[in-house]
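**Q** Give me a 3D structure for the following:
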Amino acid sequence: MEYKEIDIDFVKLLIDQPHLLGWLIGKDKLTPLHSEWIKYCWDSNKPRALMAFRGGYKSTAIDTVGTIRNFIVHPNERVALIRKSYQDSCTIVNAVKQAMELPELKEVFRVAHGFIPKATMAKEGKLRYNFKTTITPEVSFTAHGIESSLTGMHYDRIICDDIITLKDRISKAEREKTKEMVNEIATNIIDPGKGSIWIGTPWHRDDAWTEINKFADIAMYPITEFNFLGPDAIEEKKRTTTPFLYSANYELEIRKDETSLFTEPKTAEGWDYFKRSYAHVDAAFDGDHYCGLTILSPLDNNEPSMAKKFQGIGFTYPGNVKAWVSEIARYYRKYKCQYIYCETNPDKGYLANQLQKEGLRVRTYAESENKHIKISTNLYEYWDRIYWSPDTDPEYLNQILDYREGSEPDDAPDSCASLIREICKPHKSKSKSLYEW
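**A** Purely as a prediction, here's the structure:
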């Protein structure tokens, strides 16, 4: 695009059809639907919420393009972006910074404001430009995490993007913490009469969307009604996503599934490193499978088969286990494991040998038990006895909560069920030491 094409009418067109502003900065997957989203969220001083299907470029449209558009229309406004983690917010702030360096966009601002925009502050999580003429402690665009201290700060507009996540599904404490932050933002951080934007997808019937619904208008865009991805993409989402996650993330509904085996996990405050622990790894070598690592430790007895309570922690890795061996060894040592268990069926003992070379005590077995029976008996029986560390990978617990017979990924429940069988049920145990110590 040549500069001569950019005049005030063109700038007005970008403001009216902001998906074209997205095209100008290389976001060519945006459509007129995204213009609707941007104008709905930004062109009001009322709290506005957008609940739209995952993968629909919500963040690109609202956070990045919407913020740049707002720089043009309201150059003095102080805008804050809050995401679950501070680093996620910083990523968006950096994307805005890079876009503002594009010659075409600089020319748009020159036409709109009469001068080329220049960053007067550009550091991690903070941007201020020379078109902001008011003097305030807050800059043009600021990144925050959900746990950032916002006391004493005031903004003209706050964007809350995906502050409700998988963690809110698996943890009641996380849900309550998010609710508290939502109410704090809505009542104390946004200046009176100023707007707030809330975007994301639901994760639980009692998550923070119940609070947002009390004060914000919510526009809903399920993938089945407002889809620009095409029917093939919808089928791909259904094929690669569990029923619960498809319903929540794409249809924007939390459905009660009567076939669910596992209820909300119990959580622990931390990890007692003085207890003896045991590990199990469910390995993936190719395809879309995860690796699953489970560590359990009896809390009330040294013998797992006699224990009534366990502390647990789990991790997942989306790839070939060969690249995860050193990390498995690190977890093994950190949590003071006595043994690590793994099956030999898929690799003829390759993984066991690699773990042995790392100095781990390895017990192996050839799996012959039906996976669903193993999970629906062993894990189901012990599920309410396990108190999960807050450091557990959310994806690990999500796989267990989402488990249905024949569903994938099922690596976490498979790993946990296998470890329970090996350490808690000696009469069913299949393992033997890889070598004598």
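**Q** ranges for the helices of the stretch 301-437 of the chain?
**A** Counting by DSSP state H, counting those that start in this stretch, the segments of the stretch 301-437 of the chain that form helices are 325-334, 350-357, 371-374, 380-382, 394-401, 411-424.
**Q** Deepest in the core, which of these is it.
**A** helix 411-424 (a mean of 27; mean count of other CB atoms under 10 Å). Every residue, glycine included, has its C-beta placed from N, CA and C.
**Q** name the helices or strands packed onto that helix?
**A** Counting contacts by 3 or more CB pairs under 8 Å, 6 or more residues apart in numbering; DSSP states H and E, helix 411-424 is packed against strand 277-282, strand 291-298, strand 310-317, strand 337-343, helix 371-374, helix 380-382, helix 394-401.
**Q** Out of the helices of the stretch 301-437 of the chain, the one nearest residue 14 is which?
**A** Between residue 14 and the helices of the stretch 301-437 of the chain, the shortest gap by CB to CB is with helix 394-401, which sits at 38.7 Å.
**Q** how far does the closest one sit from the chain's center?
**A** Here helix 394-401 is found 12 Å from its chain centre; the criterion is CA atoms, centre = their mean, to the nearest Å.
**Q** ditto for stretch 90-108
**A** Worked out by CA atoms, centre = their mean, stretch 90-108 lies 25 Å from the chain centre.
**Q** With stretch 300-311 instead?
**A** Centroid separation between stretch 300-311 and its chain, computed with CA atoms, centre = their mean, is 33 Å.
**Q** Output the below-cut-off pLDDT ranges for the stretch 301-437 of the chain.
**A** Low-confidence segments of the stretch 301-437 of the chain (pLDDT under 70): 434-437.
**Q** still on that earlier bit, closest one to residue 430 among the helices and strands packed on helix 411-424?
**A** With CB to CB as the criterion, residue 430 lies closest to strand 337-343 of the helices and strands packed on helix 411-424, at 8.4 Å.
**Q** residues of the closest one that come out buried?
**A** 337, 339-343 (16 or more other CB atoms under 10 Å).
**Q** just checking, what packs against that strand?
**A** Applying 3+ CB pairs under 8 Å, 6+ apart, one finds that strand 337-343 contacts strand 277-282, helix 325-334, helix 350-357, strand 362-365, helix 411-424.
**Q** Can you say which of the ones you listed is nearest to residue 201?
**A** In terms of CB to CB, the element of the helices and strands packed on strand 337-343 nearest to residue 201 is helix 411-424, at 21.8 Å.
**Q** before we move on, the earlier item: closest to residue 108 out of the helices and strands packed on strand 337-343?
**A** helix 325-334 (46.5 Å).
**Q** For that closest one, give me every contacting residue.
**A** Helix 325-334 is contacted by residues 279, 281, 293, 295, 315, 317, 321, 337, 340, 351, 354-355, 358-360 when judged by CB atoms under 8 Å, 6 or more residues apart in numbering.
**Q** got JSON lines for the helices and strands packed on helix 411-424, with distance to residue 215 too?
**A** Shown next, in JSON lines, are the helices and strands packed on helix 411-424 (distance: least, CB to CB, whole Å):
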{"stretch": "strand 277-282", "distance to residue 215": "44"}
{"stretch": "strand 291-298", "distance to residue 215": "40"}
{"stretch": "strand 310-317", "distance to residue 215": "36"}
{"stretch": "strand 337-343", "distance to residue 215": "48"}
{"stretch": "helix 371-374", "distance to residue 215": "45"}
{"stretch": "helix 380-382", "distance to residue 215": "41"}
{"stretch": "helix 394-401", "distance to residue 215": "28"}
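**Q** right, and the ones you listed - which one's nearest residue 77?
**A** Closest among the helices and strands packed on helix 411-424, using CB to CB: helix 394-401, at 34.3 Å.
**Q** Adjacent strands (with direction) for the strand of greatest length in the chain?
**A** Secondary structure of the chain per DSSP state E: the longest strand is strand 190-200. Strand 190-200 sits in its sheet next to strand 48-52 (parallel), strand 155-161 (parallel), going by DSSP bridges.
**Q** Mind giving me the packing neighbours of whichever helix or strand comes after the longest one?
**A** Taking DSSP states H and E as the definition, the helix or strand that follows strand 155-161 towards the C-terminus is helix 166-170. Where contact means 3+ CB pairs under 8 Å, 6+ apart, helix 166-170 is packed against helix 172-184, helix 394-401.
**Q** avg pLDDT for helix 166-170?
**A** Mean pLDDT, helix 166-170: 90.
**Q** and the helices and strands packed on strand 337-343 as JSON lines, adding distance to residue 8?
**A** Output for these, formatted as JSON lines (distance: least, CB to CB, whole Å):
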{"stretch": "strand 277-282", "distance to residue 8": "61"}
{"stretch": "helix 325-334", "distance to residue 8": "56"}
{"stretch": "helix 350-357", "distance to residue 8": "65"}
{"stretch": "strand 362-365", "distance to residue 8": "71"}
{"stretch": "helix 411-424", "distance to residue 8": "57"}
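**Q** still on that earlier bit, turn the helices and strands packed on helix 166-170 into a markdown table, including distance to residue 206.
**A** Formatted as a markdown table, the helices and strands packed on helix 166-170 follow (distance: least, CB to CB, whole Å):
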| stretch | distance to residue 206 |
| --- | --- |
| helix 172-184 | 6 |
| helix 394-401 | 15 |
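**Q** ok so, going back, kindly present the helices of the stretch 301-437 of the chain as a markdown table, with separate columns for distance to residue 33.
**A** Shown next, in a markdown table, are these (distance: least, CB to CB, whole Å):
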| stretch | distance to residue 33 |
| --- | --- |
| helix 325-334 | 41 |
| helix 350-357 | 47 |
| helix 371-374 | 41 |
| helix 380-382 | 43 |
| helix 394-401 | 29 |
| helix 411-424 | 36 |
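**Q** closest to residue 309 out of those?
**A** Using CB to CB, the nearest of the helices of the stretch 301-437 of the chain to residue 309 is helix 380-382, at 9.8 Å.
**Q** hang on, the earlier thing: which of the contacts of helix 325-334 lies closest to residue 396?
**A** For the contacts of helix 325-334, the nearest to residue 396 is residue 315 (6.1 Å; CB to CB).
**Q** Contact partners for that closest one?
**A** 292-293, 331, 392-393, 396.
**Q** Kindly recompute the last result at 6 Å.
**A** 293, 393 (CB atoms under 6 Å, 6 or more residues apart in numbering).
**Q** burial count for the residue nearest to residue 193 when sequence neighbours are not counted?
**A** Nearest residue to residue 193 in three dimensions, chain neighbours excluded: residue 45, at 5.9 Å (CB to CB, 6 or more residues apart in numbering). For residue 45, the number of neighbouring residues by other CB atoms under 10 Å comes to 14.
**Q** Next one: residue 45 from residue 140, what distance?
**A** Separation of residue 45 from residue 140 (CB to CB, to the nearest Å) stands at 18 Å.
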